[in-house]
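K.L.:
Provide a 3D model corresponding to the input given below.
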Amino acid sequence: MKFGEKVRKARLAAHFSQQQLADQTGISLRTIQNYESGERMPKQREYYRLLADALHMDESVLADDQADFILQGDEPCDTRGSEQAQRLVAEITGLYAGGELMDEDMDAMMEAIQEAYWLAKRRNRRQRAVRSASNTGTRM
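P.N.:
Predicted coordinates:
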């Protein structure tokens, strides 16, 4: 996901208009519009921080294409979970880039991570179904 798409998605998730985001950050409305349309990127590193603070997200999510998955979920994630995910991505990227693992080990590690993801997703889906059923008085 490109920078402008991330800003737009995060802004909408925060229920801000472009004007409200501009007011929160001190960045002009036109500049916010240019960011979201993909016409411009921040020239100053400070603007990433201003946007991230206003949108209650980590600055690295805006600047890091590998952090896209954090914004793609339909449900909001808590700050701690987002930070943990960002650290994990950074550590895995560093491990792979360092060339310390053999290709077979890197593949096995990725398969294990994917399997852990799918197991957690199934578990969370079951838990949501149980909570939903208990809230409506339905038995499962």
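
K.L.:
domain map for this protein?
P.N.:
3-100, 102-140 (automatic domain parsing).

K.L.:
and the first one, what's its mean pLDDT?
P.N.:
Right, domain 3-100. Mean per-residue pLDDT for domain 3-100: 79.

K.L.:
what's the most buried one of the domains of the chain?
P.N.:
Greatest average neighbour count among the domains of the chain goes to domain 3-100 (a mean of 15), per mean count of other Cβ atoms under 10 Å. In this view, the C-beta of every residue, glycine as well, is placed from N, C-alpha and C.

K.L.:
so how far is it from its chain's centroid?
P.N.:
Distance of domain 3-100 from the chain centroid (Cα atoms, centre = their mean, to the nearest Å) equals 7 Å.

K.L.:
and the helices in this structure, which stretches?
P.N.:
Here the chain has its helices, by DSSP state H, at 3-13, 18-25, 29-37, 45-54, 59-63, 68-72, 79-97, 103-136.

K.L.:
tell me what angle the fourth one forms with helix 3-13.
P.N.:
Angle, helix 45-54 to helix 3-13, by axes from the mean of the first three to the mean of the last three Cα atoms, to 10 degrees: 30 degrees.

K.L.:
which neighbouring elements make contact with helix 45-54?
P.N.:
Here helix 45-54 touches helix 18-25, helix 59-63, going by 3 or more Cβ pairs under 8 Å, 6 or more residues apart in numbering; DSSP states H and E.

K.L.:
kindly export it (C-alpha atoms) in CSV.
P.N.:
Taking C-alpha atoms only, helix 45-54 is exported to CSV below (Å, rounded to 0.1, in the frame of the first residue of the first chain):
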residue,chain,number,x,y,z
ARG,A,45,10.5,13.7,8.2
GLU,A,46,8.6,15.7,10.8
TYR,A,47,5.4,15.4,8.8
TYR,A,48,5.4,11.6,9.2
ARG,A,49,5.4,12.1,12.9
LEU,A,50,2.7,14.7,12.9
LEU,A,51,0.4,12.5,10.8
ALA,A,52,1.2,9.4,12.8
ASP,A,53,0.4,11.2,16.1
ALA,A,54,-2.9,12.6,14.8
